[in-house]
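>>> with the input below, show me the fold.
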Amino acid sequence: MITIKSRTEIDKMREAGKITAEALKLIEKHIKPGVSTEYLNKIAHDYIVSKGATPSFLNYNGFPGSICASPNDWVVHGIPGKKVILREGDIISIDMGAYKNGYHSDAARTFPVGKISQEAQRLIDVTKQSFFEGIKYAVHGAKLGDVSAAIQEYVESNGYSVVRDLVGHGIGKNLHEDPSVPNFGKKGKGVRLAAGMTLAIEPMVNAGEYDVCVLDDDWTVVTEDGTLSAHYENTILIKQGECEILTL
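This next block holds a predicted model:
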């Protein structure tokens, strides 16, 4: 069931969204060669807790981290660890959320580690821009497929592929709610968007083919062909006009 949020609920989601946005900015300052993803996890965890919130991901279906930290060909759901050390030239996707006053937020960014290749930077840039291409259509009365198609079109026109096995989602009292929000689809298809809906829109883009597989830890999703992957996500609020991004 898709829920329409009240003004009070939206205010609570704005607060949760602000915490997630600030935590991502804080993490970005600490991303450099030699740092472990466990260290980044601790920074995020401590910040979220200091704001009177709870990390949305911690213990979610048994996930052991407060963030997902996914370098290079890891697409999503990378488990933070002391042995996962960032190296010069890597890229790292950080996905995280905060839960406060009964409501969740969810956002992701892909960051460079030191100096990266032009190809890696282009992948990060296209992935981020695909989100903004998609949300041009995230307005009251539009179809969800309009958003999905715009993301896919932009990504593929730049020579990359959109992951099919993982999608965005509704968000609110639960981290994952209806509807599912694919990053691929057809214009004019899918549910009709309505003011008050809150969605986590999250393009996951591979430099190579879109096929992915899950590692033996049952969490970490990687590209099947070993190519780089990038991730960009925000929690948004559907309005009569332009949508509002709650995690920027």
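>>> what sits against the residue lying closest to Lys83 once chain neighbours are set aside?
Of all residues not flanking Lys83 in the chain, Ser36 sits nearest, at 7.3 Å (C-beta to C-beta, 6 or more residues apart in numbering). No exception for glycine: its C-beta is placed from N, CA and C like everyone else's. Listed by C-beta atoms under 8 Å, 6 or more residues apart in numbering, the contact set of Ser36 reads 80-86.
>>> name the SS class of Arg109, please.
Classification of Arg109 by DSSP: H, G, I helix; E, B strand; the rest coil places it in strand.
>>> hmm, Ile92 and it touching each other?
No. Using C-beta atoms under 8 Å, Arg109 is not in contact with Ile92, being 9.2 Å away.
>>> so what's Pro71 bridging to?
Note on Pro71: beta-bridge partners by DSSP bridges are Ile92.
>>> surely it meets Asp90?
Yes. Counting by C-beta under 8 Å, Pro71 touches Asp90, with 5.1 Å between them.
>>> which residues do these two both contact?
With C-beta under 8 Å, 6+ apart, Pro71 and Asp90 have common neighbours Val113.
>>> how would you label Gly65: helix, strand or coil?
Applying three-state DSSP: Gly65 is coil.
>>> how close does the nearest residue to it once chain neighbours are set aside sit to Ala107?
Spatial nearest neighbour of Gly65, excluding adjacent residues (C-beta to C-beta, 6+ apart): Pro80 at 4.4 Å. Distance, Pro80 to Ala107, using C-beta to C-beta, to the nearest Å: 17 Å.
>>> do the same with Lys100
14 Å.
>>> no further questions, thank you.
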